[in-house]
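In: Compute the structure for the input listed below.
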Amino acid sequence: MPPVVDGYPVGIISRCQAALEPDKVRSVFATEPGSTGERDAATALFAATPQCGAPAMGRLTPTAARIALVDATYRRR
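Out: Numbers count the residues shown, from 1 in each chain. Below you'll find the model as predicted:
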């Protein structure tokens, strides 16, 4: 995963989200990639973590957010 996607520092954002909202991150992981559920869960995560640097998903796709979150979660281990 590149550190910046469409102007968003996704690595920094996802690490912050994984630290602050691990349950919401797990909610993203519990969905089917590319599904409406994934979009809804990712949107809820971004809405709950504006302090992480992205008040909304913007042009970042939910699946790209998922990939960044997988990396961030792995790094937290």
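In: Can you show me the strands along this protein?
Out: When assigned using DSSP state E, the chain turns out to have no strands.
In: so where's it shaky on pLDDT?
Out: Within the chain, the stretches with pLDDT under 70 are 1-7, 55-56.
In: My read is that S27 contacts A48, right?
Out: No. At 10.2 Å, S27 does not count as touching A48 under the criterion of C-beta atoms under 8 Å. Every C-beta, even on glycine, is put in place using the N, C-alpha and C of the backbone.
In: between those two, which one's more packed in?
Out: Neighbour totals were compared for S27 and A48, and S27 leads with 17 against 14 (other C-beta atoms under 10 Å).
In: Centre of the chain to the longest helix anywhere in the chain, how far?
Out: Among the elements of type helix in the chain, defined by DSSP state H, the one spanning the most residues is helix 62-76. Here the centre of mass of C-alpha atoms in helix 62-76, compared against the chain's by C-alpha atoms, centre = their mean, to the nearest Å, lies 6 Å away.
In: What lies in contact with that helix?
Out: By C-beta atoms under 8 Å, 6 or more residues apart in numbering, the list of residues contacting helix 62-76 from outside reads 1, 5, 10-11, 13-15, 17-19, 25, 28-29, 33-34, 38-39, 41-43, 45-46, 57.
In: quick one, helices of the chain?
Out: Under DSSP H, the chain gives helices at 10-20, 22-29, 36-48, 62-76.
In: so what does the shortest one touch, helix or strand wise?
Out: Think helix 22-29. With contacts defined as 3 or more C-beta pairs under 8 Å, 6 or more residues apart in numbering; DSSP states H and E, helix 22-29 has these neighbours: helix 10-20, helix 36-48, helix 62-76.
In: Just the CA trace of that helix, in PDB.
Out: Only the C-alpha atoms of helix 22-29 are listed here, as PDB (Å, rounded to 0.1, in the frame of the first residue of the first chain):
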ATOM      1  CA  PRO A  22     -10.300  -1.100  16.900                       C
ATOM      2  CA  ASP A  23     -13.900  -2.200  17.000                       C
ATOM      3  CA  LYS A  24     -14.800  -0.100  14.000                       C
ATOM      4  CA  VAL A  25     -11.800  -1.500  12.200                       C
ATOM      5  CA  ARG A  26     -12.900  -5.000  12.900                       C
ATOM      6  CA  SER A  27     -16.400  -4.000  11.600                       C
ATOM      7  CA  VAL A  28     -14.700  -3.200   8.200                       C
ATOM      8  CA  PHE A  29     -12.900  -6.500   8.200                       C
END
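In: Kind regards, and thank you for your time.
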